[in-house]
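1. Take this sequence and fold it.
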Amino acid sequence: MTNSPPVQHSNGDRAQYLEIVFACRPAGSGSSPRVCDDESVEVGWFSLDALPPMSDRMREIIAVVEKDETAAWFAPVE
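-> Numbers count the residues shown, from 1 in each chain. The predicted model follows:
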């Protein structure tokens with residue numbers, strides 16, 4: 001769990017988000033991801049060697065998840 005950096009949206013609103021990351025796997029061999037809300041446009045399953053472009057920060061979070069530890073992890077305070 002970590003906080004996002006502060007952001008300012010195009011409408012002038014300022015925000016900072018609490019980020020909770022879950023490691024997930026498909027429920028079965030025939031499972032396919034689907035959009036289930038009005039905030040997502042597209043979802044998908046990706047192998048670690050075929051991830052789409054993303055920020056260095058997201059890659060760091062994925063590296064923590066790759067360790068496959070069962071204990072909760074919290075980002076250190078900067």
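
2. And the residue nearest the centre of this structure?
-> Val21 (5.3 Å; C-alpha atoms, centre = their mean).

3. give me the element Glu60 is part of.
-> Secondary structure here is read from DSSP states H and E; on that basis Glu60 sits in helix 56-66.

4. Give me the neighbour count for Met58.
-> Neighbour count of Met58, defined by other C-beta atoms under 10 Å: 13. Where you see a C-beta, it was placed from the backbone N, CA and C, and this is true even at glycine.

5. now do the one 5 residues further on
-> Other residues near Ala63 come to 10 when the count uses other C-beta under 10 Å.

6. so what strands line up beside the helix or strand of the chain with the lowest mean pLDDT?
-> Within the chain, no helix or strand scores below strand 2-3, which has a mean of 73 by mean pLDDT, DSSP states H and E. Its sheet considered, strand 2-3 pairs with strand 18-19 (antiparallel) by DSSP bridges.

7. average pLDDT for the partner strand?
-> Averaged over strand 18-19, pLDDT sits at 80.
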